[in-house]
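Build me a model from this:
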Amino acid sequence: MKIAIMQPYIFPYIGYFQLINAVDKFIVYDDVSFINKGWINRNKILVNGQENTFTIPLIEASQNKLINTIAIQKKELWLPKLLKTIEQSYKKSPQFEEIFPIIQSIFQSEYSTINQLIIESTKQICNYLAIKTQIVDSSCLYNNQHLKAQERILDICKQENCTEYINPIGGIELYNKNDFFEKDIQLYFLKTKSIEYQQFKNNFVPYLSILDVLMFNSKTEIETLLNEYELL
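Modelled structure (predicted):
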């Protein structure tokens, strides 16, 4: 079995979904410390031809707290403005009529923490893209918070009886292939290839949220993009 383990991010870039699509089980690593000024509760979309960062406001977020404990501010304080920004920015995109209702559905779901919102959004997008990977959260399953870094990842792999562990290329300095091999696990790193698609008439703006990919590409086109990577 192939697994991947990643912290939760709100509407992450397409490489995150490539990783989900590449494995049998995807574990949302939600019982680790929150990262201030990271990408857990914010991302980038296209506004007037340029990248623009949006943020989901949180309540007393701190690096001293676990991700799955951090609450979101009341929807009425921020959601109408965010939805209006998305609508105005993408209403002329080719997939808007299909995608915007999904975004509305995500935000209308029941959630109180940023982790709950992220997991719901990830599952709904995967459902739309027909990605069948099982998605679970680490806080509910493994009881190994006493372990750190690679040792904790290896313990999760052992509990799952996995044969392959896939990590984004950014972790290539963090994990040792020999340590995994000694546990009968093949370690691979996923490297996203250069991806470009037609946005509006602007020069292509890369590394935006999956929302941008969804707005400008059909399901068939995204299916192709999901395979634009190599395993190292």
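
before we move on, which element is residue 165 in?
Using DSSP states H and E, residue 165 sits within strand 164-168.

So which residues of the chain form helices?
Secondary structure of the chain by DSSP state H: the helices cover 14-21, 79-90, 96-108, 114-128, 149-160, 177-181, 210-216, 219-225.

Okay, angle between the fifth one and strand 164-168 too, please.
An angle of 140 degrees separates the directions of helix 149-160 and strand 164-168 when computed by axes from the mean of the first three to the mean of the last three Cα atoms, to 10 degrees.

With the first one instead?
With the same axes, to 10 degrees as the criterion, the two stretches helix 14-21 and strand 164-168 enclose an angle of 170 degrees.

Quick one: mean pLDDT for helix 14-21?
Throughout helix 14-21, pLDDT has a mean value of 99.

Same check on the last one?
This predicted structure assigns helix 219-225 an average pLDDT of 98.

can you tell me which residues contact the closest residue to residue 129 other than its chain neighbours?
The shortest distance from residue 129 to any residue other than its chain neighbours is 6.0 Å, reached at residue 222 (Cβ to Cβ, 6 or more residues apart in numbering). Any C-beta I mention is one placed from the backbone N, CA and C, and that applies to glycine too. Contacts of residue 222 were listed using Cβ atoms under 8 Å, 6 or more residues apart in numbering, and they are 14, 129, 213-214.

Which one of the residues you listed is nearest to residue 153?
Within the set of those, residue 14 lies nearest residue 153; the separation is 23.3 Å, counting by Cβ to Cβ.

Could you check how far the nearest residue to the closest one once chain neighbours are set aside is from residue 129?
In space, residue 14 comes closest to residue 213 once its chain neighbours are excluded; the distance is 5.1 Å by Cβ to Cβ, 6+ apart. Applying Cβ to Cβ, to the nearest Å, the value for residue 213 to residue 129 is 10 Å.
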